[in-house]
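Asker: Structure for the following, please:
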Amino acid sequence: MSKYQVIIPYREPTYETHSSKSDGKQYRAPYTVTALSKEDAIKEALDLFAKEALYSNVGWRHDPEYDQIEVKILEK
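Answerer: Next comes the predicted model:
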């Protein structure tokens, strides 16, 4: 098992549509996870991201930018 830092860039399209203050910027959600592989680390981070979005008590979507996810190994 290794420790990874996974950064999930995401957008909030519903907020962007309904807010006059929205600048369309991309947000970044960082996670540190322990996993067997880079792919497993991404899956774990996406699971955490989905749970956070569900329990955030906001009415807008959080859409990950899957093709821009960054993964860095911290410890082997």
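
Asker: how many other residues sit next to residue 45?
Answerer: 24 (other Cβ atoms under 10 Å). The way it works is simple: take the backbone N, C-alpha and C, and place the C-beta from them, glycine included.

Asker: which element follows the least confident helix or strand in the chain by mean pLDDT toward the C-terminus?
Answerer: Between all helices and strands in the chain, the lowest mean by mean pLDDT, DSSP states H and E belongs to helix 13-18, at a mean of 71. Per DSSP states H and E, the first helix or strand lying C-terminal to helix 13-18 is strand 27-35.

Asker: gap between the following helix or strand past that following strand and the chain center?
Answerer: Following strand 27-35 in sequence order, the next helix or strand is helix 38-54 (DSSP H and E). Helix 38-54 sits 7 Å away from the centroid of its parent chain (Cα atoms, centre = their mean, to the nearest Å).

Asker: Report the buried residues of helix 38-54.
Answerer: 41, 42, 44, 45, 46, 48, 49, 53 (16 or more other Cβ atoms under 10 Å).

Asker: got it, and stretch 60-67?
Answerer: Buried-residue list, stretch 60-67, by 16+ other Cβ under 10 Å: 60, 62, 64.

Asker: In a markdown table: these, plus secondary structure.
Answerer: As requested, those are exported to a markdown table (DSSP: H, G, I helix; E, B strand; the rest coil):
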| residue | secondary structure |
| --- | --- |
| 60 | coil |
| 62 | coil |
| 64 | strand |
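
Asker: Turn those residues into JSON lines, columns for distance to residue 3 and pLDDT.
Answerer: JSON lines is the format used below for those (distance: Cβ to Cβ, whole Å; pLDDT from 0 to 100):
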{"residue": "60", "distance to residue 3": "31", "pLDDT": "78"}
{"residue": "62", "distance to residue 3": "24", "pLDDT": "88"}
{"residue": "64", "distance to residue 3": "21", "pLDDT": "95"}
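
Asker: Out of those residues, flag the one nearest to residue 73.
Answerer: Taking Cβ to Cβ as the measure, residue 73 lies nearest residue 64 of the buried residues of stretch 60-67, at 20.5 Å.

Asker: Done for today, thanks.
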